[in-house]
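1. sequence-free structure coming up:
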């Protein structure tokens, strides 16, 4: 069974940086488009970033552009989310998601059929 597993969450101050990692078990990693979503308390889950199977193209949610960077290492079966200039509103549970081949809508959570358990990111002042 294909299963993403996130790591790297934690507590960070406003303006700080954090890197999340996500490994994928049970499948051929390079077959999967990988994405990150987040959900803050009381809010709907929102799109953060996605990366193509080869890693040559990346897509971002509007509020993440210029601050977050998604990358992947297919030899290590891992996708990363580098988060810089963190804000209080970045506090959320961050989920890694996978979809075999490619989605028609990179930002739609309905396109991804494998989800991790989530990792908490808390930005404090």
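-> Nice, I can see it. Remember, predicted model here, so these are calculated numbers, not experimental data. Numbering: from 1, shown residues only.
2. Work out for me the element the residue nearest the centre of the chain sits within.
-> In the chain, the residue lying closest to the centroid (CA atoms, centre = their mean) is residue 36, at 2.2 Å. Assigned by DSSP states H and E, residue 36 belongs to strand 32-39.
3. got it, and residue 24?
-> Short version, using DSSP H and E: residue 24 is in strand 18-25.
4. tell me the angle of that strand relative to strand 32-39?
-> Angle of strand 18-25 versus strand 32-39, following axes from the mean of the first three to the mean of the last three CA atoms, to 10 degrees, is 130 degrees.
5. in strand 18-25, what's buried?
-> Residues of strand 18-25 classed as buried: 18, 20-24 (neighbour count, 16 or more other CB atoms under 10 Å). Every residue, glycine included, has its C-beta placed from N, CA and C.
6. Output those residues as TSV; include the columns pLDDT and distance to residue 115.
-> TSV is the format used below for the buried residues of strand 18-25 (pLDDT from 0 to 100; distance: CB to CB, whole Å):
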residue	pLDDT	distance to residue 115
18	98	20
20	98	14
21	98	16
22	98	10
23	97	14
24	95	11
